[in-house]
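Q: Show me how the following folds:
(one chain, ligands or ions: 1)
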Amino acid sequence: MDRANSLDRALRDRAAAVIPGGMFGHQSVALLPDDYPQFFAKAEGAHLWDVDGNRYLDFMCAYGPNLFGYGHPEIDAAYVRQLSVGDTLTGPTELMVRLAEEWTAQVTHADWAIFCKNGTDATSMALSIARQHTKRKTIIRAKGAYHGAAAWCSGRPAGTIETDKAFQILCDYNDVASLEAAAGEAGDDLAAIFAAPFKHDAFVDQHEPDLAYAQMARQICDRTGALLIVDEVRAGLRLSRDLSWSRIGVQPDLSSWGKCLANGHPLSMLLGSDKARKAASQVYTTGSFWYQAAPMAASLETLRLARDTDYLERLQALGDRLADGLKERAQAAGLGFRVSGPVQMPLFLFDDDPDLRKGFCWSSEMLARGIYVHPWHNMFMCAAMTEADIDGALEAAEASFAALKRQAPSLAPVAKMSFLAGVR
Ligand code: PMP
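A: This is a model prediction of the structure:
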């Protein structure tokens, strides 16, 4: 796609003057193929339009928030209705209590809820509450697992100092021995174990949680009095109508949620069990916009749809259709191609592709055919996708695999991904 004279290019040039680096954070396209658009104009259902008018079937779903479709009529009507009544006020509305009642009824381990805005608010609050509850300092978390952009958990060192990450021990996800060793190292100072609901790190294959690992995390916390925290920010509502670990029968003490909680409206939350209630009431935690009523109205509607529709079964069926169809077509093309993780949140990687040159080429080919996929981050299915959308994506995939095969012998190294040599 030629973006040389595009509106996207013009916006990037303007952004370069007034936004540091031209763009910040996880939605920067700095680590995507050069033809990926940075700026978008509108979205509807499962589709997204860039500023130059190109339409895409969007497998990123805003990096998670889009669960029921962009601009969902019932959810957005509830949001707009509440906006006209009252949103950011001097105190919360009745909706905050109702939302806490409904979410604690929905999620098995939860007895209380605190609402906030971003996933990082919820994970950082979980950290403080665990330390207050135990009066201890040390936490265990898995190497490579993302829990937000705060200094205590950011994966990027710029702007942080060593003490930001003091009292943390890293273990390997799904590795029971390494979890036990970390607990041994923490000794009598263990405050919490953070766990991702499944291994959904960037750049590498995803893995379901190993039951023995999840159970060991629970056992260590029970034995030591530490709190078990499951970070459901990314996976919430896509794998289960309850916390995703309820499928393997392991309940945490705290769980952090965000992303699709209000189908794209700004809301996140921390759920907790009675055990952590006192500490949660002692830690001072707040934000100017944490009590907004309109996103809470949207979340009530999102939760109603989650309870009353077959969206979850549809996500699974659509995800299976996509994953099976892709594997079949890649195999037919003679390409080693892996779809990993739960099918509702798949990640695609090619075999023998250390700097992602195959992944970049194939993703660009998909983009040119109106399908927005990501070459190294997990994607998200949304309930507004149809079987016909998936079949269209598979058709595009077949043509893109063929295009990749043609280009493969002459593909140049992807210079911007050369750092991966040390990561993968
Ligand atoms: N935890 C997980 C597992 C996440 O995926 C994310 C966001 N990608 C966060 C926490 C942080 O959420 P936010 O960006 O809303 O602060």
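Q: got a list of what the residue of the stretch 1-150 of the chain found nearest the ligand touches?
A: Per C-beta to the nearest ligand atom, the residue of the stretch 1-150 of the chain with the smallest distance to the ligand is Gly119, at 2.2 Å. Any C-beta I mention is one placed from the backbone N, CA and C, and that applies to glycine too. The contact partners of Gly119, by C-beta atoms under 8 Å, 6 or more residues apart in numbering, come to 147-148, 231, 233-234, 256-259, 268.
Q: Phi, psi for it please.
A: For Gly119, the backbone dihedrals (degrees, to the nearest 10) come out as phi -60, psi -40.
Q: Just the pLDDT for it.
A: Gly119 carries a pLDDT score of 98 in this model.
Q: Do a quick rundown of the helices in the stretch 51-200 of the chain.
A: Using DSSP state H, counting those that start in this stretch, the helices of the stretch 51-200 of the chain run over 73-85, 94-106, 119-134, 176-186.
Q: Out of these, which one sits most buried?
A: Most buried of the helices of the stretch 51-200 of the chain by mean neighbour count (mean count of other C-beta atoms under 10 Å) is helix 119-134; its value is a mean of 23.
Q: Val51: neighbour count?
A: Val51 has 17 neighbours, counted by other C-beta atoms under 10 Å.
Q: Would you mind confirming that it is in contact with Leu7?
A: Yes. Taking C-beta atoms under 8 Å as the definition, Val51 is a contact partner of Leu7 at 4.5 Å.
Q: shared neighbours, these two?
A: Taking C-beta under 8 Å, 6+ apart as the contact rule, Val51 and Leu7 both touch Phe39.
Q: what about the residue lying closest to Pro209 once chain neighbours are set aside, neighbour count?
A: Once flanking residues are discounted, Pro209 sits nearest to Phe198: 5.2 Å by C-beta to C-beta, 6 or more residues apart in numbering. The number of residues packed near Phe198 is 22, by other C-beta under 10 Å.
Q: Roughly how far does Ser28 sit from Arg12?
A: Separation of Ser28 from Arg12 (C-beta to C-beta, to the nearest Å): 11 Å.
Q: which of the two has more neighbours?
A: Neighbours were counted for Ser28 and for Arg12 using other C-beta under 10 Å; Arg12 has more, 18 against 12.
Q: And the more buried one, how far from Gln38?
A: For Arg12, the distance to Gln38 - C-beta to C-beta - is 6 Å.
Q: Just want the phi and psi numbers for the closest residue in space to Asn174 that isn't next to it in sequence.
A: In space, and not counting its chain neighbours, Asn174 is closest to Asp210: 4.2 Å by C-beta to C-beta, 6+ apart. Dihedral pair for Asp210: phi -80, psi 130, per degrees, to the nearest 10.
Q: Would you check that Phe348 makes contact with Ala323?
A: No. The pair Phe348 / Ala323 is not scored as a contact, 9.3 Å apart, by C-beta under 8 Å.
Q: Now do the shared contacts for these two.
A: Shared contacts of Phe348 and Ala323, defined by C-beta under 8 Å, 6+ apart, comprise Val339.
Q: could I get the helices of the stretch 51-200 of the chain as TSV with distance to His377?
A: Shown next, in TSV, are the helices of the stretch 51-200 of the chain (distance: least, C-beta to C-beta, whole Å):
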stretch	distance to His377
helix 73-85	25
helix 94-106	27
helix 119-134	15
helix 176-186	25
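Q: Next up, the contacts around the spatially most central residue of the chain.
A: The chain has Arg234 as the residue nearest its centroid, 2.9 Å off, counting by C-alpha atoms, centre = their mean. Contact partners of Arg234, counting by C-beta under 8 Å, 6+ apart, are 64, 119, 146, 197, 200, 259, 345, 378.
Q: Test my guess that Pro295 contacts Tyr79.
A: Yes. Taking contacts as C-beta under 8 Å, Pro295 lies within contact range of Tyr79: 7.0 Å.
Q: Determine the residues that are contacts of both of these two.
A: Joint contacts of Pro295 and Tyr79 (C-beta under 8 Å, 6+ apart) are 262, 265.
Q: picking up where we left off before, kindly reformat the contacts of Arg234 as a markdown table containing distance to Phe360.
A: What follows is the contacts of Arg234, written out as a markdown table (distance: C-beta to C-beta, whole Å):
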| residue | distance to Phe360 |
| --- | --- |
| Gly64 | 23 |
| Gly119 | 28 |
| Tyr146 | 22 |
| Pro197 | 28 |
| His200 | 21 |
| Lys259 | 26 |
| Met345 | 21 |
| Asn378 | 17 |
